[in-house]
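[1] next one to model:
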Amino acid sequence: MCVRCRSAQLLCGKPVCPILVKYHAFERSLPMVGGHELSGSSPPGVFVGRYGYPKVSFGPLLSAEHGSTELLDSPEDWVGRSVSEVVGFRTSLVRGTSPIRVTDAEKPIRLLEDLQLLGIAAESAESEATFRRPPRGHLSLSDSTPPFGPSAPIERFRLDVRRVDPRLDRATSDTAANARVAVGELYGRGVRVSRIQRAFSVGTLGRRGRRRLVPTRWSITAVDDLLSKQNLERVRSLPELSEIRVHRLTALDNRWLIVLLPGAYRYESIEAWYPNTLWNPSTTRLVIMGDHEGHDGRTTYASIGGCYYAARLATSEALLTAQRQAGVVVLREVHPGEILPLGVWNVREYVRAAMARPPERCASLAELGEVIRSTFAIPLERWLAASAVLHEARTQRRLDDWLESATPERAPLAS
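    All right, here's what the predicted structure looks like:
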């Protein structure tokens, strides 16, 4: 249940997630901002909350450092960094908060105007903020968004944006294009996914009369979903892959294995959480969860949440690069070193990193089974029992098989 919930739904019925409560002990090590004022540079960064929707809390993410602080809010640059480094980046950011209705994106107050400008900035922006009280040290933990540090209600805010991204500025000015089209065009022009998500969140994209603030958690998954769907519209018309390819990566005590299978596009993402890992507090029981979709995609929200869509975006990009469609299976084995939720960027960027590596090739499903055995500590049989796509590959004959031989023999995946 904890793996399914990940603190988002409070399925246990408790008012706060008991798993995250113990991690708030990290607050003691966070720097406290002693005064009511803060002068420094925003990465640029903004945050829109989801509690109380459609009336939410929003505000800038601010650093006490001056100069370039872009690394503090650029997930694409965090691959290879340790958990402590990423947490250090984020806890150095102070979040100013103010209430607002999401529909106010069309007629923004001054603070929202500043944040919408910050959302399309091309580089770090100097800022000054006055808070109603000194920001309190608090580590915000979420499996969907990166962590961030102290927060306080914001009273006054001054911003100096020297340069905006012309691609984002153009999309903001286009009030005839809907958000789906704007997101796709920005991606096609090479704008980073994290920057598209930020602009989407602060309500700068979409048609006039339809623009809304979007909670940061939702905007991240929405953009991953939209972009991967657009990629897959092209992938489905590509030639089919004719061999089994495997990409492997180990990072942050996660073991990744991405399998590309011959044939038409289908997709599956499976996560296995060891005992005593973040979302599996059991001391003895292993938890495996996953979701899949066929050639035409899915119409319901994946039970494993934003990670599903983040990995789907990364693998769809790889298929376009290879100019092939294929069956895709993303296997993730999470070990106890996964001590904090870092956000779905962790999935998107590390799957991207795995897909950028040269693939291993398997001559048969039996050989693929040996690769899975050698990669993971969890027995092969557990993965096979959890996987719909691998089950189909083992049992469903393709027309090519019948053309190759009158009495073909199918090599088993598990021996």
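[2] which residues are in contact with the biggest helix by length in the chain?
    Secondary structure of the chain read by DSSP state H shows that its longest helix is helix 216-235. Applying CB atoms under 8 Å, 6 or more residues apart in numbering, the contact partners of helix 216-235 are 8, 46-50, 142, 144-145, 180, 183-184, 187, 193, 196-198, 200-201, 214, 265, 297, 305-306, 309-310, 312-313, 316-317, 319-320, 325, 343-345, 348. The C-beta positions use only the backbone N, C-alpha and C, and glycine is treated the same way.
[3] can you check stretch 286-302 too?
    2-4, 229, 232, 236, 264-275, 279-280, 303-304, 308-309, 378, 382-383, 386-389.
[4] filter these down to the buried ones, ChimeraX style.
    In ChimeraX, a selection of the buried entries from the contacts of stretch 286-302 looks like this (16 or more other CB atoms under 10 Å):
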select :2,3,229,232,265,266,267,268,269,270,271,272,273,274,279,280,304,308,309,378,383,386,387,388,389
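[5] Gly96 belongs to a helix?
    No: per DSSP: H, G, I helix; E, B strand; the rest coil, Gly96 lies outside any helix segment and is strand.
[6] going forward, count from 43.
    In the new count, where the first residue is 43, that last one comes out as Gly138.
[7] wait, it touches Pro192, no?
    No: using CB atoms under 8 Å, Gly138 is not in contact with Pro192; the gap is 10.2 Å.
[8] so for the two, which residue has more residues nearby?
    The neighbour comparison of Gly138 against Pro192 (other CB atoms under 10 Å) goes to Gly138, with 29 against 23.
[9] quick one: the closest residue to that one other than its chain neighbours from Val125, how far?
    Nearest-residue entry for Gly138: Ile196, 3.3 Å, with adjacent residues in sequence omitted and distances by CB to CB, 6 or more residues apart in numbering. In this view, Ile196 and Val125 are 29 Å apart by CB to CB, to the nearest Å.
[10] who has more neighbours, the two?
    Shown here are Ile196 and Val125; by other CB under 10 Å, Ile196 has more neighbours (22 against 15).
[11] would you mind listing the buried residues in whichever strand or helix holds Ser169?
    Secondary structure from DSSP states H and E places Ser169 in strand 167-173. Applying a neighbour-count criterion of 16+ other CB under 10 Å, one finds 167, 169, 171, 173 buried in strand 167-173.
[12] state the pLDDT value of the residue nearest to the spatial centre of the chain.
    The chain has Val386 as the residue nearest its centroid, 2.8 Å off, counting by CA atoms, centre = their mean. Val386 is assigned 92 on the pLDDT scale.
[13] how close does it sit to Arg222?
    From Val386 to Arg222 the distance is 20 Å (CB to CB).
[14] before we move on, what about Arg366?
    Arg366 is 26 Å from Arg222, by CB to CB.
[15] looking at those two, which one has more neighbours?
    Shown here are Arg366 and Arg222; by other CB under 10 Å, Arg366 has more neighbours (19 against 15).
[16] next, count neighbours for the nearest residue in space to the more buried one that is not next to it in sequence.
    With CB to CB, 6+ apart as the criterion, Arg366 has its nearest non-adjacent residue at 4.4 Å, and that residue is Leu283. Leu283 has 21 neighbours, counted by other CB under 10 Å.
[17] hmm, Ala306 and Leu283 touching each other?
    No: if you go by CB under 8 Å, Leu283 and Ala306 don't touch, sitting 9.6 Å apart.
[18] so for those two, which residues contact both of them?
    What both Leu283 and Ala306 touch, as defined by CB under 8 Å, 6+ apart, is the set Gln367.
[19] would you map the helices across the protein?
    44-47, 60-65, 125-133, 152-161, 208-215, 221-230, 235-243, 258-277, 348-364, 387-397, 407-417, 422-428, 430-437, 441-446.
[20] for Arg200, what are its contacts?
    Taking CB under 8 Å, 6+ apart as the test, what Arg200 contacts is 169-171.
[21] ok, now with 7 Å
    169-170 (CB atoms under 7 Å, 6 or more residues apart in numbering).
[22] once you drop chain neighbours, what's closest to Ser236?
    According to CB to CB, 6+ apart, the nearest residue to Ser236 is Pro117 (5.2 Å).
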